[in-house]
Every structure is written in structure tokens, then in C-alpha cells.
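Novice: Coordinates for the following, if possible.
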Amino acid sequence: MTTPTLEAQVTISHDKIREWTEARQGKPARVKGTGDGNGGIVRIDFEDVHEEHLEPISWEEFFEKFEAENLAFLYQDGAQSRFNRMINRD
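Specialist: Numbers count the residues shown, from 1 in each chain. Below you'll find the model as predicted:
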């Protein structure tokens, strides 16, 4: 029996990103040491597999950086999938 392959999708919708993240118990974060006044490198942190190199930030901070860096959110929409990346919109 084969498992269906989930295709990655891309969005810049703040609502979709937040909805997807919160449905998987994720929170907005940045890589520690990268928040030198410009927001840092943004990521999604999941509560049950917290990564020590990430620090929590507000959604407002997350989306400010997301827009300033012209990012898009690459993700899989399957119920259990947590696959995601921040990519350049271009």
C-alpha cells in the first residue's frame, strides 16, 4: 500500500499561514541571535518538538519580517504534515 504524496503549496496570506500553524500547535519564532533590529530569520516552532535555537515572537513581528523580506510560505496541507519553508516570492 502506498501513501499519497502531498504536493507543496505556496501562500502569502497571513490568515492562511496563521491558521495552518495554529492547527499544528505551532507558533511564530525567529532564530536566536538574528533579531538585530530587523526582525531576524523567521520560522515556525512546534510545541512538542521545540528547537532550542528558536525564540518566540509575536505574529505582528513575524509578519513584519515576512513582508519586509518579500517571503512566501511553502507548506503541505495534509492534516499531519508540518512541512514548511520560507521562500522568496520571486
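
Novice: For the rest of this, base every contact and every neighbour count on C-alpha atoms.
Specialist: OK.

Novice: Counting neighbours, what do you get for Trp59?
Specialist: 14 (other CA atoms under 10 Å).

Novice: what does Glu67 give?
Specialist: Glu67: 13 neighbours (other CA under 10 Å).

Novice: Secondary structure element for it, which one?
Specialist: helix 59-68 (DSSP states H and E).

Novice: by contact count, what packs against that helix?
Specialist: Judged by 3 or more CA pairs under 8 Å, 6 or more residues apart in numbering; DSSP states H and E, helix 59-68 is in contact with strand 26-31, strand 42-46.

Novice: Name the stretch among those strands that sits most buried.
Specialist: Per residue and on average, the most neighbours among the helices and strands packed on helix 59-68 fall to strand 42-46, with a mean of 23 (mean count of other CA atoms under 10 Å).

Novice: what's the average pLDDT for whichever helix or strand comes after that one?
Specialist: Remark: after strand 42-46, the chain's next helix or strand is strand 54-56, criterion DSSP H and E. Mean pLDDT, computed over strand 54-56, is 92.

Novice: residues making contact with the helix or strand of the chain with the lowest mean pLDDT?
Specialist: Scoring the helices and strands of the chain by mean pLDDT, DSSP states H and E places strand 54-56 at the bottom, with a mean of 92. Outside of strand 54-56, the residues within contact range by CA atoms under 8 Å, 6 or more residues apart in numbering are 27-32, 43, 45.

Novice: Cool, thanks, signing off.
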